[in-house]
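Q: Quick one, structure for this:
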Amino acid sequence: MITEQQIKELAHSIWEQEGHPHGKDMEHYFRARKILEDMEAPRVIELPSPLPEAELKPSPASPELTAPPPSIKLAPPAPRKRRSNKKK
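A: Below you'll find the model as predicted:
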């Protein structure tokens, strides 16, 4: 809860920051009260709406992306070296 003292202290700070202008005490008071009310208000964060179910499903892979073109021949895999179980 905002107290009258908090509003007055902030209004005084605003008055000082503006160079002690004459006749703006009510403006400073209401601006200070608004600032404090905004600081005290609960924050509401709006999250984006979820994607439609159709957009969440993966699309089937296109055939041109899953296999190399027939003109490219892949080399056979290199033979694997066997490890010996002998300790040195």
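
Q: for the helix of greatest length in the chain, packing partners?
A: Determined from DSSP state H, the single longest helix within the chain is helix 25-40. Where contact means 3 or more C-beta pairs under 8 Å, 6 or more residues apart in numbering; DSSP states H and E, helix 25-40 is packed against helix 4-17. C-beta: built from backbone N, CA, C; applies to glycine.

Q: what comes up buried for the helix it packs on?
A: Neighbour counts over helix 4-17 (16 or more other C-beta atoms under 10 Å) mark 7, 10-11, 14-15 as buried.

Q: what pLDDT, on average, does stretch 35-49 get?
A: Stretch 35-49 shows a mean pLDDT of 84.

Q: what comes up buried for that stretch?
A: Going by 16+ other C-beta under 10 Å, stretch 35-49 has these buried residues: L36.

Q: can you redo the buried residues of helix 4-17 as JSON lines with pLDDT and distance to E37?
A: Below are the buried residues of helix 4-17 laid out as JSON lines (pLDDT from 0 to 100; distance: C-beta to C-beta, whole Å):
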{"residue": "I7", "pLDDT": "95", "distance to E37": "10"}
{"residue": "L10", "pLDDT": "96", "distance to E37": "11"}
{"residue": "A11", "pLDDT": "96", "distance to E37": "13"}
{"residue": "I14", "pLDDT": "95", "distance to E37": "15"}
{"residue": "W15", "pLDDT": "95", "distance to E37": "19"}
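
Q: now, which of the residues you listed sits nearest D38?
A: L10 (11.7 Å; C-beta to C-beta).
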